[in-house]
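Peer 1: attaching a predicted model along with its sequence, questions to come.
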Amino acid sequence: MTWTPSAIIDSESLVGQGAPIPVVNPANEEVIAEIPEADEALVERAMTSARAAFERGDWRLMSVEERQRILRACADAIEAAAAEIAEIECSNTGIPLAQIRNGAAIRAAGNFRFFADYIGQMAGELYEQARDYLTLVRREPVGVAVLISPWNSPLALGSMKVASAIAFGNSCVLKPAEQAPLGLTRLVEVIQGAGLPPGVVNLVNGFGASVGERLVRHPHADRISFTGGTHTGRRIMAAAGENLKPSIMELGGKSANIIFDDADFDQALDGALLGIFSNNGQQCLAGSRILVQSGIADRFTEALVERARRICVGDPRAPDTEVGPLANRNHYRHVMGFVPDAADRGARILVGGERPKGFDRGFYFSPTVAEVDSNSHRLCQEEIFGPFASLMRFDTDEQAYRIANDSRFGLVGYAWSRDIDRILTAQDRIAAGTIWCNTPMMRDLHAPFGGIRESGVGAEGGRAAEAFYTHQKSVIIPR
Ligand code: NAD
């Protein structure tokens, strides 16, 4: 069993007195760690340590060059430990090792590098319209950020939160999801040696209803950044509101992937497969509603189903595995629960919809495509969060936009066409925070990432992070 601390506070790994959190390998259902939950005293200590680090000022008042150097050292430390962290993350999440090594582990280091570069470019404002005084507008860090992350992509999402919060001079307390805390906990351990003053990055492990609630309601919490389910987001935002604390909510999605009949067929096919089956389909930004124009629908459907059938499902550690198990037992039941209901309500499962043959243990679920006739079907309205796409045909572009926007979510959208006018119209008409045109999931961290509607409030990345993790101060000086 892996030993994992309950908390990391003031750079020290600590064991709490709380109930054990069993951490399970979803590929074989074995318990790989039992972490005593961070008890109330440890949560208090973490928040006090973060506050003390902020007040002490050795981080927030450090020169930008020095802070950049330490952020880059964090990135180097993550890169040096990337193979180890990726193995841990793989055994805890079931995400294929190759996808973690080439994706999340590299992105985790990249997040620290990006924000190191970003703070080197920050500028204030100067106004001198009144003849007898100057007005300066400066940005200052806000204090302590509470960061709460989900289980689906812990390394990428958690590292983004930590890097963006601390780069501007704040300190933070991170709470990973109780189902998948191992990779992020190791990452936080690894960066402690990079020169961060004690208390700048703290971590507590525990359940949402106990540790999470204590953090978001704590009087030292100046900002709350949350990624997770819409239901939890509502609850946390209400708590933040009571204390008048700004919060970012990165929530669920049910995004449309529109494939027009003049799309580059092979590119769109590859994009649709990546959009729904990478990261075991457990992605907020999944293109989970595939909409295909009638002129190419038969050919596209046949090709999609054939490719989905050939996807290599298996042990996430094996190099050729493309889809591993779902992340945990509850989630496996949730995803499986859509199968009988799909057929009852008139959907046709074209491929998958079952536990793949040959797996006695592990939360495996076959890559699945179900054809539906109406976007009001539960498969199109609820977030399944697994390798499970709904497929619908449309005739006109107008119809495609109407279907795409008929959702309570609005995280991302995808559009595939060779016609630039069509692409320009599509990016305008799809209601979402990010639109990928003829490309899936590319991300420039300068751009904000956040949803509209029930997909979230606020955004992460570049200037959006600067606005959230700093406040503006006006300074008036007579001359
Ligand atoms: P979840 O809401 O159950 O849990 C997320 C985190 O919140 C966990 O750390 C959990 O312990 C904590 N939590 C739960 N209740 C809490 C409370 N009352 N107070 C404080 N913290 C609490 O979500 P999940 O099931 O872990 O994650 C899956 C969801 O996350 C999906 O809906 C997915 O779309 C969403 N997600 C969104 C994005 C995005 O960027 N928009 C990215 C990834 C995942």
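Peer 2: That came in fine, so what should we check first? Here the structure is a predicted model, which means the values were calculated and not measured. Residues are numbered from 1 along each chain as shown.

Peer 1: in stretch 355-372, what counts as buried?
Peer 2: Under the neighbour-count criterion of 16 or more other C-beta atoms under 10 Å, stretch 355-372 has 355-356, 359, 362-372 buried. Heads up, the C-betas are built off the backbone N, CA and C, glycines and all.

Peer 1: for the chain, list the residues in contact with the ligand, please.
Peer 2: Contact residues, the chain versus the ligand (C-beta under 6 Å from any ligand atom): 148-152, 157, 175, 177-178, 207-209, 212-213, 216, 227-229, 232, 235-236, 250-253, 284, 383, 385, 411, 451, 456.

Peer 1: among those residues, name the buried ones.
Peer 2: Judged by neighbour count, with 16+ other C-beta under 10 Å as the criterion, the buried members of the residues of the chain next to the ligand are 148-152, 157, 175, 177-178, 207-208, 212-213, 216, 227-229, 232, 235-236, 250-253, 284, 383, 385, 411, 451, 456.

Peer 1: is it true that R378 touches R345?
Peer 2: Yes - R378 is in contact with R345 according to C-beta atoms under 8 Å; the separation is 6.5 Å.

Peer 1: where does the prediction get shaky in the protein?
Peer 2: Under the criterion pLDDT under 70, no range of the chain is flagged.

Peer 1: tell me which residue is most central in it.
Peer 2: When C-alpha atoms, centre = their mean is applied to the chain, the residue found nearest the centroid is L157 (4.2 Å).

Peer 1: wait, a helix at that one?
Peer 2: Yes - counting by DSSP: H, G, I helix; E, B strand; the rest coil, one finds L157 located in a helix.

Peer 1: just confirm it contacts W151, I think it does.
Peer 2: No - with contact taken as C-beta under 8 Å, L157 and W151 are classed as non-touching, separated by 9.6 Å.

Peer 1: in the stretch 201-350 of the chain, which spans are helices?
Peer 2: With DSSP state H, counting those that start in this stretch, the ranges of helices along the stretch 201-350 of the chain come out as 213-217, 230-242, 265-277, 294-310, 329-336, 338-344.

Peer 1: for those helices, which one sits closest to A464?
Peer 2: helix 230-242 (16.9 Å; C-beta to C-beta).

Peer 1: how much space separates G208 from S455?
Peer 2: Between G208 and S455 the computed distance is 19 Å (C-beta to C-beta, to the nearest Å).

Peer 1: and which of the buried residues of stretch 355-372 is nearest the ligand?
Peer 2: Here the nearest of the buried residues of stretch 355-372 to the ligand, counting by C-beta to the nearest ligand atom, is F363; it sits at 14.1 Å.

Peer 1: report how many residues lie close to the closest residue in space to that closest one that isn't next to it in sequence.
Peer 2: On the basis of C-beta to C-beta, 6 or more residues apart in numbering, the spatially nearest residue to F363 that is not a chain neighbour turns out to be Y332, at 3.8 Å. A count of neighbours around Y332, defined by other C-beta atoms under 10 Å, yields 19.

Peer 1: next one: the one 5 residues further on
Peer 2: Summarising burial for G337: neighbours were counted as other C-beta under 10 Å, giving 11.

Peer 1: do the same with P197
Peer 2: 17.

Peer 1: show the contacting residues for it.
Peer 2: Under the criterion of C-beta atoms under 8 Å, 6 or more residues apart in numbering, the contact list for P197 reads 53, 56, 58-59.

Peer 1: repeat for A73
Peer 2: Contact partners of A73, counting by C-beta under 8 Å, 6+ apart, are 194-195.

Peer 1: swap the cut-off to 10 Å and go again
Peer 2: 112, 116, 191, 193-196 (C-beta atoms under 10 Å, 6 or more residues apart in numbering).

Peer 1: my read: F394 touches A404, true?
Peer 2: Yes - with contacts counted by C-beta atoms under 10 Å, F394 reaches A404, the gap being 9.3 Å.

Peer 1: gap between the nearest residue to D58 once chain neighbours are set aside and M442?
Peer 2: Counting by C-beta to C-beta, 6+ apart, P197 is the residue found nearest to D58 once chain neighbours are left out, at 4.6 Å. Distance, P197 to M442, by C-beta to C-beta: 35 Å.

Peer 1: buried ones in stretch 103-120?
Peer 2: Going by neighbour count (16+ other C-beta under 10 Å), the buried part of stretch 103-120 is 103-116, 118-119.

Peer 1: how about the CA coordinates for that stretch, as PDB?
Peer 2: Once non-C-alpha atoms are left out, stretch 103-120 reads as follows in PDB (Å, rounded to 0.1, in the frame of the first residue of the first chain):
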ATOM      1  CA  GLY A 103      -0.500  14.800 -21.300                       C
ATOM      2  CA  ALA A 104      -1.300  15.600 -17.700                       C
ATOM      3  CA  ALA A 105       2.200  15.100 -16.300                       C
ATOM      4  CA  ILE A 106       3.800  17.500 -18.900                       C
ATOM      5  CA  ARG A 107       0.900  19.900 -18.600                       C
ATOM      6  CA  ALA A 108       1.300  20.100 -14.800                       C
ATOM      7  CA  ALA A 109       4.900  21.300 -15.300                       C
ATOM      8  CA  GLY A 110       3.700  23.500 -18.100                       C
ATOM      9  CA  ASN A 111       1.200  25.200 -15.900                       C
ATOM     10  CA  PHE A 112       3.900  26.400 -13.500                       C
ATOM     11  CA  ARG A 113       6.100  27.600 -16.500                       C
ATOM     12  CA  PHE A 114       3.200  29.500 -18.100                       C
ATOM     13  CA  PHE A 115       2.400  31.400 -15.000                       C
ATOM     14  CA  ALA A 116       6.100  32.100 -14.300                       C
ATOM     15  CA  ASP A 117       6.300  33.700 -17.800                       C
ATOM     16  CA  TYR A 118       2.900  35.500 -17.300                       C
ATOM     17  CA  ILE A 119       3.800  37.400 -14.200                       C
ATOM     18  CA  GLY A 120       6.900  38.700 -15.900                       C
END
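
Peer 1: now do Y469 against A82, distance only.
Peer 2: Going from Y469 to A82 by C-beta to C-beta gives 26 Å.

Peer 1: quick one: A464 is in a helix?
Peer 2: Yes - the assignment for A464 is a helix, going by three-state DSSP.

Peer 1: and it, what does it touch?
Peer 2: 164, 248, 446-450, 458.

Peer 1: over to C312?
Peer 2: C312 neighbours (C-beta under 10 Å, 6+ apart): 96, 318-323, 367.

Peer 1: show me which of those residues are buried.
Peer 2: Neighbour-count burial (16+ other C-beta under 10 Å) applied to the contacts of C312 gives 96, 321-323, 367.

Peer 1: just send these back as TSV, with distance to S63 too.
Peer 2: TSV is the format used below for the buried ones among the contacts of C312 (distance: C-beta to C-beta, whole Å):
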residue	distance to S63
P96	42
T321	46
E322	46
V323	47
P367	51
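
Peer 1: closest one of those residues to R223?
Peer 2: Where the buried ones among the contacts of C312 are concerned, and distances follow C-beta to C-beta, R223 has its nearest neighbour in P96, at 33.6 Å.
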